[in-house]
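Colleague: Turn this into a structure:
(2 chains)
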Amino acid sequence: MLDLRLYIAQRLSAMVMAPLMVVHIVVMIIAVQGGLSAAEILSRTQGSVFWFLFYGLFVAAASLHAAIGLRVIVHEVTGLRGAGLTVLTWAVFGVFFFMGARAVTAVTML
Amino acid sequence: MADNGQLEVSVWRGDSGSGRFESFRVPAEDNQTVLDVVSWIQQNLAGDLAYRFACRVGMCGSCAMTVNGTPRWTCRTHVKKVARNNRLTIAPLANLPVIRDLATDMDPFFARWIGAGGRFVPQRTRDDPVAPVRPDSPGRQAADAGIECINCGVCHAACDTVAASPDYLGPAPLQRAWTLVNDERHGARGAVLAAVSGAGGCHNCHSMGNCTAHCPKELDPLRAIAGLKRATFLGAFGKEI
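Modeller: Residues are numbered from 1 along each chain as shown, chains lettered A, B, ... in the order given. All right, here's what the predicted structure looks like:
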């Protein structure tokens, strides 16, 4: 249930996520070690185009990657296939993307 | 616990609908294969036992069965290597329909070979000169690595992805596809790559490696599938491998 198109999408989204994840963790550790409060962090991220694009890309890649991964697991565990599997894949992508986008806008929008 | 000099053998008896294990006592020999045991049962205790074999020397790929839970070629599997406390449990290959007893229907397995584009398409006729192929060329070496497959179905039975996803082509057909992709005489390389890129294609492989671990010919279908993934991935961006 994983054709070449989905395989490429999952591999490319993983390649996108890998460096973003490293930056995310490093920045998070530096921010916490530096003793920044939540308000101080928000003051740096809100209104920042860079962090909006950074986490926006992160959320898009993670949603895509997770939806395809769950698609495979659901198919292999439950046998679901065809239109049902496609709807589930898009639904998972939609939920993850919506939740992630909500978090990104909350942290980066003024 | 079986007596000394005797093997206690549980053999699956049944068809696609139902079945059960039946126990037999078989004289143990110094040199004895699992196929010898099955044949002894059929010749002496259960004349109606259905099983399949042909060459008895590891060439034809007919006699694969599940022995103590592991798919094996029974003609080259010595009882001493696999028996536990003189006990053997022999069942048909997994992931294939059972015709009767130890004989499975191999049609779904061979249908996948065709599905993976496994039919050779020549570029020359018999009237043309033979194509010169350098044995040490990388393509020929990659093809040679997989051409000793005897179609026994052991990798198919060992593969968890085949078990979980009935549309998956499976290790042996994909390895065949990889040999054709690397065979410069093959006239439908693009068709093979397209055939292994569909919903049941090579990209479903989780790289668990049960195929390579169980292959009685010690071939490496996992490496072949990785090659197909790489070739199709690069091919999608217009790059040849």
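Colleague: can you give me the helices in the chain?
Modeller: Using chain A here. Secondary structure of chain A (DSSP state H): helices located at A:4-33, A:38-45, A:49-78, A:82-108.
Colleague: wait, chain B
Modeller: Counting by DSSP H, the helices of chain B are B:34-44, B:79-82, B:107-115, B:138-144, B:154-158, B:160-164, B:171-181, B:189-195, B:210-214, B:221-236.
Colleague: right, so of the ones you listed, which gets closest to residue A:4?
Modeller: helix B:221-236 (5.3 Å; CB to CB). Any C-beta I mention is one placed from the backbone N, CA and C, and that applies to glycine too.
Colleague: Touching the closest one from outside, list them.
Modeller: By CB atoms under 8 Å, 6 or more residues apart in numbering or on different chains, the residues outside helix B:221-236 that reach it are A:4, A:7-8, A:11, B:142, B:145-146, B:155, B:171-172, B:174-175, B:177-179, B:181-182, B:193, B:196-197, B:201-203, B:205, B:207, B:209, B:211-212, B:215, B:240-241.
Colleague: what's the distance between it and the middle of its chain?
Modeller: Taking CA atoms, centre = their mean, to the nearest Å, one finds helix B:221-236 lying 20 Å from the centre of the chain it belongs to.
Colleague: And the closest residue to residue B:183 other than its chain neighbours, what's its pLDDT?
Modeller: Nearest non-adjacent residue to residue B:183, counting by CB to CB, 6 or more residues apart in numbering or on different chains: residue B:143, 5.0 Å away. We have a pLDDT of 97 for residue B:143.
Colleague: so who does residue B:143 touch?
Modeller: Contacts of residue B:143 (CB under 8 Å, 6+ apart): B:178, B:179, B:180, B:182, B:183.
Colleague: Now, of those, which are buried?
Modeller: B:178, B:179, B:180, B:182, B:183 (16 or more other CB atoms under 10 Å in any protein chain shown).
Colleague: isn't the fourth one right up against residue B:137?
Modeller: Translated: residue B:182. No. Using CB atoms under 8 Å, residue B:182 makes no contact with residue B:137, being 9.2 Å away.
Colleague: So the nearest residue to residue B:147 once chain neighbours are set aside versus residue A:56, what's the distance?
Modeller: With sequence-adjacent residues excluded and distances taken as CB to CB, 6+ apart, residue B:147 is closest to residue B:179, at 5.4 Å. Residue B:179 is 45 Å from residue A:56, where distance means CB to CB, to the nearest Å.
Colleague: same question, residue B:87
Modeller: 61 Å.
Colleague: picking that back up, would you convert the helices of chain A into CSV that also reports mean neighbour count, distance to chain B and mean pLDDT?
Modeller: Formatted as CSV, these follow (neighbours: other CB atoms under 10 Å in any protein chain shown; distance: least, CB to the nearest CB, whole Å; pLDDT from 0 to 100):
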stretch, mean neighbour count, distance to chain B, mean pLDDT
helix A:4-33, 14, 4, 96
helix A:38-45, 12, 35, 93
helix A:49-78, 17, 4, 97
helix A:82-108, 14, 10, 97
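Colleague: any chance of the ones you listed in JSON lines, plus distance to residue B:6?
Modeller: Compiled in JSON lines, the helices of chain A are given as follows (distance: least, CB to CB, whole Å):
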{"stretch": "helix A:4-33", "distance to residue B:6": "53"}
{"stretch": "helix A:38-45", "distance to residue B:6": "75"}
{"stretch": "helix A:49-78", "distance to residue B:6": "42"}
{"stretch": "helix A:82-108", "distance to residue B:6": "52"}
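Colleague: Which one of the ones you listed lies nearest to residue B:60?
Modeller: When the helices of chain A are compared (using CB to CB), the closest one is helix A:49-78, at 32.4 Å.
Colleague: what helices or strands is that closest one leaning on?
Modeller: helix A:4-33, helix A:82-108, helix B:160-164 (3 or more CB pairs under 8 Å, 6 or more residues apart in numbering or on different chains; DSSP states H and E).
Colleague: and that helix, how far out from the chain's middle?
Modeller: For helix A:49-78, the distance to the chain centre is 5 Å (CA atoms, centre = their mean).
Colleague: How about stretch B:12-21?
Modeller: On CA atoms, centre = their mean, the centre of stretch B:12-21 falls 22 Å from that of its chain.
Colleague: got the helices of chain B as a markdown table, with distance to residue A:87 columns?
Modeller: What follows is the helices of chain B, written out as a markdown table (distance: least, CB to CB, whole Å):
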| stretch | distance to residue A:87 |
| --- | --- |
| helix B:34-44 | 48 |
| helix B:79-82 | 47 |
| helix B:107-115 | 26 |
| helix B:138-144 | 40 |
| helix B:154-158 | 31 |
| helix B:160-164 | 21 |
| helix B:171-181 | 29 |
| helix B:189-195 | 26 |
| helix B:210-214 | 32 |
| helix B:221-236 | 25 |
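Colleague: I appreciate the help and will end here.
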